[in-house]
Every structure is written in structure tokens, then in C-alpha cells.
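**Q** below: sequence and its predicted model.
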Amino acid sequence: MRLGFIGFGAMGRPMAEHLLRAGHELLVWSRRPVSAEFLLAQGATWCDSPAAVAGASEVVCTNVTGSADVEALAGELAQGFSIGSIHLDFSTIAPGAARRIAAAYARRGVDFVDAPVSGGSGGAQAATLSIMWGGKSTLATRLQPLFEVLGKTIVRIGEVGAGQVAKACNQMVMVAAIEACAEAARLAEAAGVDFAKVRTAMLGGSAGSRVLDVFGGRMAARDFKAGVEARLHHKDYALLMDEATRIGAALPASAAVWQQLNALMAQGWGRDDTSSLLRVLEAGTELDPAQ
Amino acid sequence: MNVGFIGLGLMGRPMALHLEKAGHALHLWARRPESLAPFAAVNAKTHATPAQVAAHAEVVIVMVADAPDVENVCLGKDGLAAGGKPGLIVVDMSTINPNAARTIGQRLAEKGIEFVDAPVSGGETGAINAALTVMVGGTPAAFEKVTPLLEKMGKSVTLIGDSGAGQVAKACNQILTGVGVLAVAEAFNFAAKSGVDPAKVREALLGGFAYSKILENHGQRMLDRNFKPGFKAWMHQKDLRIVMEEAHRLGLMLPSAAATAQVFNAIVGSGMGENDSISALMLLEKMSSPE
């Protein structure tokens, strides 16, 4: 298939490479051309604008940062798309933004699919991502072969925007679990108990989880270098809490976790791993009452 | 003085009428023409666009719902910026995000128009009785010029600081009132569910350190089960959204406000958004009783 690809960050790079190696023809553009060079060396074709990518592709994949980036990019891609093309966006954005973009494309006969992923850069490299997508069910036959190149768990959640709702749920459950691990680690260490042992015991029981394994492991090792940059989780919370306000849903635990993330950002740990939530709890106990 | 007024809703209408009564010539524009009806018999001229209002006034007062509305009135097509002469002062009395206020102020400054943020507390009753509390952000010179106008609408008018400072003060006000209303509702629900008369509890507490105007006034309305607005729950939800957006942007931990905002989400989500914000009590009652 002739595929466009835009957005070569930690996730986009390995994803684009997998698609190329699976035998697809890849057309690329980047604000910083140097970031696409590794793909040109493997046979991808450079285009001079997003519109040029759209004009030459059946499906254009994008993987950028925020709602505003995707909306701006969609505006440029729309200039090049022909009727029946698909914009397949892997970014994490607001569900409302996804619906807005889809509505604008619909007037031109172009389909928009929101397909945020979970699994991090490790999952992107190993092609084991979890892909949750929203869009017309009739697009499944065209998209499924692409998804299977990139991920292991592929679920169509519902209409456009539904993928982003699923991603918001994913982030809530995951980061709340990281906070729970951090609080367990804090309790253990404050009680003079080795959290590494606590974690090992818990992993075999009902509290065992992927988060306890991975993020709990980083906490036990006090390795706070990024796996997942905490600022990205912080960004996701702005989206999901805004959505909760818009629809009138109470998310009390998420609201509390959000505040811990705010404190993490204030400490300047936004580019460290989200396991730094443990350090937020420690910082709060180091206040000197004499000052 | 020639005074423009845009935003003639529940709050804006009585506020504008106070200015007219004080002898000022009003210049009006309204999105919905029926809002202009109460001004047919007074010294007020109606204009086709905000730009025309700006062209005829020394000071324009804006009292609309949220930041996008303020931005539209000020900077949109035929907005105040399109008609205002250098030296015009725009006083925004809406409650909006402080950062949005600063941005709008900067863009108006490019046209030589001065922007003052002057959100109010006191609700519709305060507007009708000209008893509002006005919190002002702007330059001392602009403050001096608009104070005589603000004093016709409010009882307490305070310059808090530079542009945006009024909105910061209003956000602080909403933290205290939001958390305060919820605290009184929790205390009353706690008393009632413990088999104790909340009215007696209130009476006793009014004499101690837990005294507050909210315990006195909102508490009485809770006892009377008078849930008519006052201040609508959805507006408090909106104001807490502003607070939490700023907390996110600045990296601030606001655990109580975050929890309170979730309760307001639940109030609005359960269809009580048009009631007074003391409906928090009804929500707690519902949550703590079997269906």
C-alpha cells in the first residue's frame, strides 16, 4: 500500500520502520527533514509538504504531540487528499478534537481514524502495541493489516473519538496504579521495610500487575530515568479531566493523582519517568517545620 | 461618560442599568436582540457591532460567559479592537482564565487599547443591589479612571495587581467558596446521618472558629432546602475548571479543589447544574443512602 507517515518521535520512528519493512511504500515529510533521513536510507520517499504526502498516499499515518498539532496537520493534509483517502492518527489527543477533525474531513470525502496506542517505545520497537481505534467499521478491512504490523492487541472501540476515550481510560488506570505503587513504596520505606522485597511478594499475589512489575521495579531500583516522560502523562491528565468536566463525570481518584502530577512538574521532574511520583511523596515529608 | 456595555444577561443587565441611572450614556450591542428590550426607555444607544460600540465609548464593559466569548467580543470580526481608538479602556468583568486575560490584554495593547480584568463576586443579588465585590487587575492609571464606574456596580472595589491579577483573585475566591460549600454540605450530611439536627449544629458552630458566611448563608439555605439559584452549580463547575487548568499549567497541587471539582462534575452530570451550588448537599445525601 502507498502509505504516508509524519511524526518521527520515540514512537513514530520504529512504527514507520515496521511498515516499511512489511513491504509498504512509504512517503514521508517532516518539519525537521533530518529526522526522516533514517527512513530515506531504507527506501522511503521524501515529499516537500504534508499536502504532497496526502496527494500520493492511500493512508497517511501521523504520530505527533497534541490536539493542536494534529488539527494543524490535518488542515494541510486536507489540501492534498483525494476522495476515499484515510488519515490514520496514532497521537493521543482530546476526543472532541478527533471528532472535530473527522467532521472537517467528511465534507471532503476523507476518513479520519483515531488510533492511540499503549505500550510505550518498547512496545513500538517490538511491534507489540495495544491499538485502540475509533472510526467507521467499514474501514477495518483496509486498516487491520497495517495495525497487525504494529501491534498485538487491536480493538475497534467505536466511532471516531472512541479510541481517544479508551486511551484516556488507559492513562487513568495506569497512572493511578503508578501512584498506588509509589504510595506502597513510601509506606514500606517509612516503616523501615525493603520495598524491593514487598514488591516481589506482591507480584505473586492479587496485587500483582504490569505497573507494579515495571514502574514498581524502577522505584525499587530508584531508577527514575525516563521510560515514559512524566510530562506526557501530565498532558494526558489535562485532556481527560477536561473531558470529565465537559460530560459531568466525577473522577475523584484521578483528580487526586492529577494533583500529584502537578507537584511532580513543579519539582522539575517532567522529563523523568512517572515513577518519580515516589519522589513527590518523599519531598512532601522532607519539609522542615523549623523553616 | 460614554460607556459601552456588552453582555446583558442576569448579571450584566442590572449592572448596566446602575451605570445609566448614574447619568452615563450607554452604548450597547447584544448577540440576541431581546436582551436590549429593558433598555428601550433609557439613555442607551444600540449598535450593530462591538466595533461600533468601541468607536463611541471611552470605556467598554464586557460581562459574558467564558474566555472564548471575551476573545470573540474583543478580537473577533467586528470586535472591539476593530473599532476602538487608542486610549479606549476595555473592562472585562466576566470570570475567565487569568492567562487568557493576560493574552487578550496583550493583543489589545497592540492597538493602543487598555484591558482591565475586573471579575466580580456576589451573584445576581449583588448585581441588582449594586453590592458586588470587584477584583481588579490592570494599571493604576486605568484603575483610577474606571473606579467611579465600578463603584456604581459594587461595594468593594480593589486593585489586586497587574493584568490577570483580578482573575487570580476570583479563582482564589472560587477555591474558598467551592470547597467551603462542600465542607458545609458534608458537615450537615454527617450530622443528619448521625441522627443529629444540622440546624442545631449550625447554630452552635456559628459562634466558634468554624464560623463563615457560607456556613451562615448557604448553610441556612441548605436547612431550608432552598436549591433555587443564587449561583448555579454549572457556573461553579466552570470556575473550578479554570482553577484546575491554572494549577495544571503552573504545577500546583490543589488536592481539595480537585476533589471539590469532581463533586461539581457529579452535580452537573446528575442533572442539577441549573440548581444552586448548595445542591452538593443533595448529591451527598443521594450517595450516602441506599437507592
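**A** Received the coordinates, thanks. Numbering: from 1, shown residues only, chains lettered A, B, ... in the order given.
**Q** near chain A, which residues of the stretch 151-291 of chain B show up?
**A** By C-beta under 8 Å from any C-beta of the partner chain, the part of the stretch 151-291 of chain B that sits against chain A consists of B:237, B:241, B:244-245, B:247-248, B:250-255, B:258-259, B:261-263, B:265-270, B:273. The C-beta positions use only the backbone N, C-alpha and C, and glycine is treated the same way.
**Q** phi and psi next, for residue 5.
**A** With no chain named, the answer covers chain A. phi -150, psi 130 (degrees, to the nearest 10).
**Q** not quite, I wanted chain B
**A** According to degrees, to the nearest 10, B:F5 has phi -140, psi 120.
**Q** what is the burial count for it?
**A** 29 (other C-beta atoms under 10 Å in any protein chain shown).
**Q** just the element for A:R199, please.
**A** helix A:195-203 (DSSP states H and E).
**Q** list the buried residues of the helix ranked longest in chain A.
**A** Longest helix of chain A, by residue count under DSSP state H: helix A:162-190. For helix A:162-190, the neighbour count (16 or more other C-beta atoms under 10 Å in any protein chain shown) marks A:162-168, A:170-172, A:174-182, A:184-186, A:188-189 as buried.
**Q** is any part of that helix close to chain B?
**A** No. Using C-beta under 8 Å from any C-beta, helix A:162-190 stays clear of chain B, coming no nearer than 12.5 Å.
**Q** any idea how far that helix is from the middle of the chain?
**A** With C-alpha atoms, centre = their mean, to the nearest Å as the basis, helix A:162-190 stands 15 Å off its chain's centre.
**Q** what do you get for stretch A:96-103?
**A** 18 Å.
**Q** using CSV, write out every CA atom in that stretch.
**A** The C-alpha trace of stretch A:96-103 is given here as CSV (Å, rounded to 0.1, in the frame of the first residue of the first chain):
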residue,chain,number,x,y,z
GLY,A,96,-13.5,16.2,21.0
ALA,A,97,-10.6,17.3,18.8
ALA,A,98,-10.7,13.9,17.0
ARG,A,99,-14.4,14.4,16.3
ARG,A,100,-13.9,17.9,15.0
ILE,A,101,-11.1,16.8,12.6
ALA,A,102,-13.3,14.0,11.3
ALA,A,103,-16.2,16.3,10.7
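**Q** what mean pLDDT does it have?
**A** Average pLDDT, stretch A:96-103: 96.
**Q** which strands and helices lie in contact with the following helix or strand past the helix holding A:R199?
**A** The element immediately downstream of helix A:195-203 (helix or strand, assigned by DSSP H and E) is helix A:210-221. Secondary-structure packing of helix A:210-221 (3 or more C-beta pairs under 8 Å, 6 or more residues apart in numbering or on different chains; DSSP states H and E): helix A:162-190, helix A:195-203.
**Q** can you give me the angle helix A:210-221 makes with helix A:162-190?
**A** 40 degrees (axes from the mean of the first three to the mean of the last three C-alpha atoms, to 10 degrees).
**Q** and the angle for helix A:210-221 with helix A:195-203?
**A** Going by the same axes, to 10 degrees, helix A:210-221 makes 160 degrees with helix A:195-203.
**Q** phi and psi next, for B:L159.
**A** phi -80, psi 110.
**Q** and it, bridged to which residues?
**A** B:L159 has these beta-bridge partners by DSSP bridges: B:V136.
**Q** give me the domain ranges for the chain.
**A** Let's take chain A. A:2-158, A:166-285 (automatic domain parsing).
**Q** meant chain B actually
**A** B:2-161, B:168-287.
**Q** can you lay out the ones you listed as a markdown table showing mean pLDDT?
**A** Converted to a markdown table, these look like this (pLDDT from 0 to 100):
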| stretch | mean pLDDT |
| --- | --- |
| domain B:2-161 | 96 |
| domain B:168-287 | 94 |
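**Q** those: which one's closest to A:M241?
**A** Among these, the nearest to A:M241 by C-beta to C-beta is domain B:168-287 (6.7 Å).
**Q** from A:E25, how far out is the closest residue to A:V60 other than its chain neighbours?
**A** In this structure, A:V60 finds its nearest non-sequential neighbour in A:G4, 3.4 Å apart by C-beta to C-beta, 6 or more residues apart in numbering or on different chains. Using C-beta to C-beta, to the nearest Å, we find A:G4 at a distance of 10 Å from A:E25.
**Q** so those two - more neighbours on which side?
**A** A count of neighbours by other C-beta under 10 Å puts A:G4 above the other of A:G4 and A:E25, at 30 against 16.
**Q** how about the helices in the stretch 151-291 of chain B?
**A** B:165-193, B:198-205, B:213, B:219-223, B:233-250, B:255-269, B:280-287 (DSSP state H, counting those that start in this stretch).
**Q** thanks a lot, catch you later.
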